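**Student:** When you get a sec, could you give me coordinates for this:
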Amino acid sequence: MNEVMKDVEKRMIGAVEAYQAELAKLRTGRASLALVDGITVDYYGSQTPLSQVAALSVPDPTTIAIAPWEPKVLAEVEKAILRSNLGLTPNNDGKVVRLNIPALTEERRKELAKVAHEVAETSRNEIRQIRRDGNDSVKKMEGAKEISEDQMHDGQDQVQKLTDTYIEKINSILKKKETEMMEV
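**Tutor:** Below you'll find the predicted structure:
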């Protein structure tokens, strides 16, 4: 039964980490390298992550600086940023591409909060699915007479406690992100 609990917890941790990664991609009015994480650049005919063709930095709270290691790649970096639908316009000075992060409007903040809630609900559903899988595993163990009925109920209680813990983590991460987005 310990293996089932370890598996359930491992999967729930993974769901929370995936949720945090999704939230990091939401723009908050502050520069964050997570905004450009998913961008790939056409580098000598193959799609390569931006972080592998350029040095990325955040020189101030409203700017992301992208310094390609090869000047030939500048144009491709610009194209990749424009294709990424970030809603940001790259500024190229010949050596470095800068992304200026504009302040968010109240309307855009509300839209982003709505998206954050949708992502949170998807993550909570994923955790509930993991709970269902864990409970099914515990029931199968009881059906195969590997554990007693009391142990099955104890196992289901443990799975529920893990579920409550990780759903609460998602809720607290969501509250923190909302606060961050609504700050002016």
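**Student:** Phi and psi next, for the spatially most central residue of the chain.
**Tutor:** In the chain, the C-alpha nearest the mean C-alpha coordinate belongs to Ala21, at 1.6 Å (CA atoms, centre = their mean). As for Ala21, its main-chain torsions (degrees, to the nearest 10) stand at phi -70, psi -40.
**Student:** ok now do it, which residues does it touch?
**Tutor:** Ala34 (CB atoms under 8 Å, 6 or more residues apart in numbering). Every C-beta, even on glycine, is put in place using the N, C-alpha and C of the backbone.
**Student:** one more time with 6 Å
**Tutor:** Contacts for Ala21 (CB atoms under 6 Å, 6 or more residues apart in numbering) come out as none.
**Student:** Can you read off the pLDDT for it?
**Tutor:** If you check Ala21, the pLDDT there is 84.
**Student:** Kindly report the same for Val73.
**Tutor:** In this prediction, Val73 has a pLDDT value of 88.
**Student:** Now for it: which residues touch it?
**Tutor:** So Val73 contacts Val53 (CB under 6 Å, 6+ apart).
**Student:** Would you mind stating the distance between it and Ala34?
**Tutor:** Here the criterion is CB to CB, to the nearest Å. By it, Val73 lies 21 Å from Ala34.
**Student:** where does Val41 land in three-state SS?
**Tutor:** strand (DSSP: H, G, I helix; E, B strand; the rest coil).
**Student:** bridging residues for it?
**Tutor:** Beta-bridge partners for Val41, by DSSP bridges, are Thr48.
**Student:** show me what contacts it?
**Tutor:** Thr48, Leu50, Val53, Glu76, Val77, Ala80.
**Student:** Can you name the residues that contact the third one?
**Tutor:** Going by CB under 6 Å, 6+ apart, Val53 touches Val41, Tyr43, Pro68, Val73.
**Student:** So which of those is the closest to Arg128?
**Tutor:** Val41 (38.1 Å; CB to CB).
**Student:** just to revisit the earlier point, of the contacts of Val41, just say which sits nearest to Asn100.
**Tutor:** Val77 (15.4 Å).
**Student:** Isn't the closest one up against Val96?
**Tutor:** No: if you go by CB atoms under 6 Å, Val77 and Val96 don't touch, sitting 9.8 Å apart.
**Student:** Neighbour count: the two, which is higher?
**Tutor:** Val77 (24 against 17; other CB atoms under 10 Å).
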